[in-house]
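Undergrad: Kindly return the folded structure for what I paste below:
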Amino acid sequence: MMDSKRLDYVLVPLGLAVMVGYHLWLLLRIRRRPATTVIGINAINRRIWVRHVMEDPSGKHAVLAVQTMRNAIMASSVLASVAITLSSLVAALMASGAAHGLLSGTAAALNNKDNNSIVVGAAGEAALSAKFLAILVCFLVAFLLNVQSIRYYSHTGFLVNVPLTAHRLRRPGLAVDYVTSTLNRGSYFWSLGVRAFYFSCPVFLWLFGPIPMFAACVAMVCSLYFLDVYKDWDRGEEGDCVVPDDGYEKEATKTAASAV
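TA: Sure thing, here's the model as predicted:
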């Protein structure tokens with residue numbers, strides 16, 4: 001019984017270290033080679049999109065910009081609503097104690113019946129409270145991050161429709177930089193909110209023991225690698241004569257670093 005409890009002190013920190021280590025590696029890759037990551041590529045294209053909308057003198061892209069920002073705000077609003085709903089549910093379970101009694105009774109019955117059960121690890125009141133608190137923190141962080149994303153998207157909806165000719169007291173390039181920075185911050189907060197949802201999956205599996213939690217961390221890191229890395233963006237096709245603009249890559253690097 002004591003050996004099974006010690007697994008929480010080994011596998012849980014190891015799983016968290018795998019998740020944190022991967023995201024530190026991803027941050028370093030975004031800063032150094034943003035064009036090889038999905039986050040960096042999206043930042044580059046958002047800058048191009050903002051300049052394309054603001055430089056159009058006819059304003060025909062204003063409706064497209066408003067619809068795009070509305071869709072982004074809707075996505076953040078849905079995630080924020082789901083996060084606060086799940087937070088309320090977890091808080092209600094913690095307050096009622098029903099889940100504590102169910103999981104504690106199940107773990108005790110399994111441990112008394114079969115010492116080789118897959119449900120191992122600490123299952124006392126203090127351990128279950130810590131696990132539910134970790135889940136609650138994940139959902140609350142996701143809620144706050146998505147609220148911040150809505151805030152920046154709302155600002156961008158107004159700023160992107162201001163024509164560059166209206167900025168007479170400052171250079172138009174500064175206006176594009178500011179709007180791009182605001183839009184990228186909203187997107188970064190949205191991405192971090194989604195990461196908080198991702199992170200809640202291994203924490204939830206921690207209720208069933210440290211072994212499922214560690215396996216989920218490893219599986220999630222492997223999955224996120226294929227979702228975050230894209231190496232073909234800056235690789236030109238044969239016969240292309242495209243000259244890359246290093247300013248876009250520098251902007252993606254700067255905004256990615258400032259967001260984190």
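Undergrad: Spell out the residue ranges of the helices in the stretch 1-150 of the chain.
TA: 2-32, 38-54, 62-96, 98-113, 125-159 (DSSP state H, counting those that start in this stretch).
Undergrad: Can you list the buried residues in the last one?
TA: Judged by neighbour count using 16 or more other C-beta atoms under 10 Å, the buried positions of helix 125-159 are 127-128, 131-132, 134-157, 159. No exception for glycine: its C-beta is placed from N, CA and C like everyone else's.
Undergrad: Okay, now the unreliable bits of the stretch 1-150 of the chain?
TA: By pLDDT under 70, the low-scoring segments of the stretch 1-150 of the chain are 1-5, 57-59, 97-124.
Undergrad: sorry, back to before: now distance to Phe204 too, for the helices of the stretch 1-150 of the chain, in TSV please.
TA: Listed next are the helices of the stretch 1-150 of the chain as TSV, based on distance: least, C-beta to C-beta, whole Å:
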stretch	distance to Phe204
helix 2-32	13
helix 38-54	25
helix 62-96	10
helix 98-113	12
helix 125-159	6
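Undergrad: Determine which of those helices approaches Met213 most closely.
TA: Judged by C-beta to C-beta, the one of these that comes nearest to Met213 is helix 2-32, at 5.5 Å.
Undergrad: and the closest one with helix 125-159, angle?
TA: 20 degrees (axes from the mean of the first three to the mean of the last three C-alpha atoms, to 10 degrees).
Undergrad: mind listing what's buried in helix 2-32?
TA: Result for helix 2-32 [16+ other C-beta under 10 Å]: buried residues 4, 7-8, 11-12, 15-16, 18-19, 22-23, 26-27, 29-31.
Undergrad: Which neighbouring elements make contact with it?
TA: Contact here means 3 or more C-beta pairs under 8 Å, 6 or more residues apart in numbering; DSSP states H and E; on that basis helix 2-32 packs against helix 38-54, helix 172-205, helix 210-228, helix 246-259.
Undergrad: which other helices and strands contact the third one?
TA: Same thing as helix 210-228. The helices and strands touching helix 210-228, judged by 3+ C-beta pairs under 8 Å, 6+ apart, are helix 2-32, helix 38-54, helix 172-205.
Undergrad: can you list these in a markdown table and add distance to Pro163?
TA: Putting those into a markdown table (distance: least, C-beta to C-beta, whole Å) gives the following:
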| stretch | distance to Pro163 |
| --- | --- |
| helix 2-32 | 32 |
| helix 38-54 | 7 |
| helix 172-205 | 9 |
